[in-house]
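Colleague: Predicted structure and sequence below. I'll ask about it afterward.
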Amino acid sequence: MKRAIIIGSGFGGLALAIRLQAGGVDTTIVEARDKPGGRAYYWEKDGFTFDAGPTVITDPACLQELWGLTGHDMAADVPLDPVMPFYRLHWPDGTIFDYSNDDAALTAEIAKLNPADVAGYAKFLDYAAGVYHEGYEKLGHVAFLDFASMIKAAPALAKYQAWRSVYSIVSKYVQSDYLRQALSFHTLLVGGNPMTTSSIYALIHKLEKDGGVWFARGGTNRLVAGMVKHFERLGGTIRLGDPVVEIEATPTHASAVRTQSGWRAEADAIASNADVMHSYRDLLGRTRRGEKMAASLARKSWSPSLFVLHFGIKGSWPGIPHHMILFGPRYKGLLDDIYSNGVVPEDFSLYLHHPTVTDPSLAPEGCSTFYALAPVAHLGKSRLDWDGEIGELMKERILDEIQRRLIPDIRERIVTSFHYTPEDFGRDLNAHLGSAFSLEPLLWQSAWFRTHNRDDEIKNLYFTGAGTHPGAGIPGVVGSAKATARLMLEDLR
């Protein structure tokens, strides 16, 4: 059998490993942390289970396909529960918008904001369906290895005005400022600024409408555990708690990986699901190729980071849905502060995750598990004391906001809490600049302009995950794994 080694066990690495193992390649995953999952890590504290994220599962078919390769059923390992509404959007003036794929309910919600926008939304949905077909169904699982492949995609990109931003396209169809926010905020879930991210990412709306929004029973960590179980069932091996420190390579060939413990293994092919800058700058730092690519990546634009406050509280909250967006008083101004100005603003928008409303097992009886996530500038925009004063200040501001808008006595109810900052993304995940989503999803950093699924010079070195095409998010990184697996299986024949 041919042998492959995958560095990192995020969703991209696990999906790639399953595809390779199912294709007859002896595959080993090497993971730095004590648990698999990468960004989908989890903690258990005081009886509460806290997922690090991601927590929004869309396009479940892309995951089910991984089990179907060998005639297995994903549902036997990972039950998925539907989430409805997908999100509740909440503005400071008390306006609420329940976002779902229930046509009648969604039409009523749009009409509440602006009756004239019902017709405009229908036109936007047609647009989203078009970019979904061109950008996801046709190109989402295809490797862009040369500029010619980009040229072939250009007519479709031009047809849908891919140079325009998602917010710009949404604004073309609807007039309500709140509805414009409701139809454009999704890019933030993959690290993109709605004001600058290519309009192709409007496909996310169609992706959710067709496939729904789901939650893995027991938390996203159970989806990770199910993928690991399936990989091992097929004969794969996973090595935990041993960071890779070097990819041994010549100018044209990668031969082995070496870990912190001194373990070394040779392989016919090596793939990295680690941060792309870390892969080139650190793991290939002794090679000319590593130096060259690290210098190129340093000039690119990177997605922001996140501040995530996890807390377990006394009481149950049936009135707070599973996913909630608490918008702040500003939209564009706040995005400018995060993406351009590099400041911690006085106001913010929050994604509030409340999994116990769907699955009470994630907290002790009579208690609830939450996290509140705020996008913040990455460490290249501002070097702040996240481990000290700034982290504590952000925590208190978030609690103040939740107290004011949802849970008046939240501080008295807290059983346990902790927060995760840009510094933690850098330390735990080797994320360049503490970025939570790798390269920013701009048009000139997409497809061929993104890190290639196979290195141009080291021909048996491959990449999967958020830094490669098509980008971040569970469907994105699982799609990158599909594209990379196709390359690897062809090359290893």
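Modeller: Noted; the coordinates are in hand. Nothing here was measured: the structure is a model prediction, and the numbers come from that model.
Colleague: With residue 330 as the reference, measure out to the closest residue in space to residue 285 that isn't next to it in sequence.
Modeller: Leaving aside its sequence neighbours, residue 285 sits nearest to residue 291 (CB to CB, 6 or more residues apart in numbering; 7.1 Å). Every C-beta, even on glycine, is put in place using the N, C-alpha and C of the backbone. Using CB to CB, to the nearest Å, residue 291 is found at 41 Å from residue 330.
Colleague: Likewise for residue 317?
Modeller: 27 Å.
Colleague: Same question for residue 286.
Modeller: 47 Å.
Colleague: just residue 340 next, same as before
Modeller: 14 Å.
Colleague: quick one: which of those two has more around it?
Modeller: Between residue 340 and residue 330, counted using other CB atoms under 10 Å, residue 330 has the larger neighbour count: 16 against 13.
Colleague: tell me the secondary structure for the more buried one?
Modeller: coil (DSSP: H, G, I helix; E, B strand; the rest coil).
Colleague: Identify the residues contacting it.
Modeller: Shown in contact with residue 330 (CB atoms under 8 Å, 6 or more residues apart in numbering): 345, 347.
Colleague: what do you get if the cut-off is 10 Å, keeping everything else the same?
Modeller: Each residue near residue 330 by CB atoms under 10 Å, 6 or more residues apart in numbering is listed here: 92, 336, 337, 345, 346, 347, 348, 349.
Colleague: The second one is in contact with residue 194, isn't it?
Modeller: If I follow you right, that is residue 336. No - using CB atoms under 10 Å, residue 336 makes no contact with residue 194, being 11.7 Å away.
Colleague: Neighbour count for those two, which is higher?
Modeller: The residue with more neighbours, out of residue 336 and residue 194, is residue 194; 22 against 15, by other CB under 10 Å.
Colleague: Next one: the more buried one from residue 334, what distance?
Modeller: 11 Å.
Colleague: cool, and residue 435?
Modeller: Taken as CB to CB, the span from residue 435 to residue 334 is 18 Å.
Colleague: Mind checking which of these two has more residues around it?
Modeller: The residue with more neighbours, out of residue 435 and residue 334, is residue 435; 28 against 18, by other CB under 10 Å.
Colleague: how about that one, what does it touch?
Modeller: Contacts of residue 435 by CB under 10 Å, 6+ apart are 191, 275, 277, 301-306, 378-380, 422, 425-426, 429, 466-467, 472.
Colleague: burial count for the residue lying closest to it once chain neighbours are set aside?
Modeller: Using CB to CB, 6+ apart and skipping the chain neighbours, the partner closest in space to residue 435 is residue 302 (4.4 Å). The number of residues packed near residue 302 is 25, by other CB under 10 Å.
Colleague: Could you do residue 329 as well?
Modeller: 12.
Colleague: can you pull out the helices in the stretch 301-450 of the chain?
Modeller: Shown for the stretch 301-450 of the chain, the helices assigned by DSSP state H, counting those that start in this stretch span residues 332-336, 389-405, 410-413, 422-429.
Colleague: Please identify the buried residues of the second one?
Modeller: Pointing back at helix 389-405 there. 390, 391, 394, 395, 397, 398, 399, 401, 402, 405 (16 or more other CB atoms under 10 Å).
Colleague: Now do the nearest residue to residue 216 once chain neighbours are set aside against residue 31, distance only.
Modeller: Take residue 216 and drop its neighbours on the chain: the residue closest to it by CB to CB, 6+ apart is residue 223, 4.0 Å away. Separation of residue 223 from residue 31 (CB to CB): 16 Å.
Colleague: Regarding the nearest residue to residue 243 once chain neighbours are set aside, what is its secondary structure?
Modeller: Among residues not flanking residue 243 along the chain, residue 32 sits closest, at 3.6 Å (CB to CB, 6+ apart). Of the three states, residue 32 takes coil under three-state DSSP.
Colleague: Could you pull up phi and psi at residue 32?
Modeller: Backbone torsions of residue 32, given as degrees, to the nearest 10, read phi -70, psi -40.
Colleague: Assess the claim that residue 191 and residue 437 are in contact.
Modeller: Yes - with contact defined as CB under 10 Å, residue 191 counts as touching residue 437 (2.6 Å).
Colleague: Identify the contacts common to the two.
Modeller: Common contact partners of residue 191 and residue 437 (CB under 10 Å, 6+ apart): 302, 303, 304, 305, 306, 375, 378, 466, 471, 472, 473.
Colleague: Contact partners for the residue lying closest to the second one once chain neighbours are set aside?
Modeller: What sits nearest to residue 303 in space, not counting adjacent residues and going by CB to CB, 6+ apart, is residue 191, at 3.1 Å. Residues counted as contacts of residue 191 (CB under 10 Å, 6+ apart) are 197, 302-306, 375, 378, 435-441, 466, 471-473.
Colleague: Likewise for residue 396?
Modeller: 309, 411.
Colleague: What of residue 272?
Modeller: Contacts of residue 272 by CB under 10 Å, 6+ apart are 5-8, 12-13, 244, 247, 254, 257, 278-280, 283-284, 451, 455, 461-465, 467-468.
Colleague: Can you find the helix or strand in the chain with the smallest mean pLDDT?
Modeller: Lowest on mean pLDDT, DSSP states H and E among the helices and strands of the chain sits helix 147-159, with a mean of 81.
Colleague: Now do that helix: distance to the chain's middle.
Modeller: 25 Å (CA atoms, centre = their mean, to the nearest Å).
Colleague: Which strands or helices does that helix pack on?
Modeller: With contacts defined as 3 or more CB pairs under 10 Å, 6 or more residues apart in numbering; DSSP states H and E, helix 147-159 has these neighbours: helix 117-131.
Colleague: ok and the helix it packs on relative to helix 147-159, angle-wise?
Modeller: 160 degrees (axes from the mean of the first three to the mean of the last three CA atoms, to 10 degrees).
Colleague: same question for helix 117-131, mean pLDDT?
Modeller: Helix 117-131 shows an average pLDDT of 95 in the prediction.
Colleague: Using PDB, write out every CA atom in it.
Modeller: The C-alpha coordinates for helix 117-131 follow below in PDB (Å, rounded to 0.1, in the frame of the first residue of the first chain):
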ATOM      1  CA  ASP A 117     -38.600  43.800   0.100                       C
ATOM      2  CA  VAL A 118     -40.500  40.500  -0.300                       C
ATOM      3  CA  ALA A 119     -40.200  40.700  -4.100                       C
ATOM      4  CA  GLY A 120     -36.600  41.900  -3.800                       C
ATOM      5  CA  TYR A 121     -35.700  38.900  -1.600                       C
ATOM      6  CA  ALA A 122     -37.100  36.600  -4.300                       C
ATOM      7  CA  LYS A 123     -34.800  38.100  -6.800                       C
ATOM      8  CA  PHE A 124     -31.800  37.800  -4.400                       C
ATOM      9  CA  LEU A 125     -32.600  34.200  -3.900                       C
ATOM     10  CA  ASP A 126     -32.500  33.600  -7.700                       C
ATOM     11  CA  TYR A 127     -29.000  35.300  -7.700                       C
ATOM     12  CA  ALA A 128     -27.900  33.200  -4.700                       C
ATOM     13  CA  ALA A 129     -29.000  30.000  -6.500                       C
ATOM     14  CA  GLY A 130     -27.000  31.000  -9.500                       C
ATOM     15  CA  VAL A 131     -23.700  31.600  -7.600                       C
END
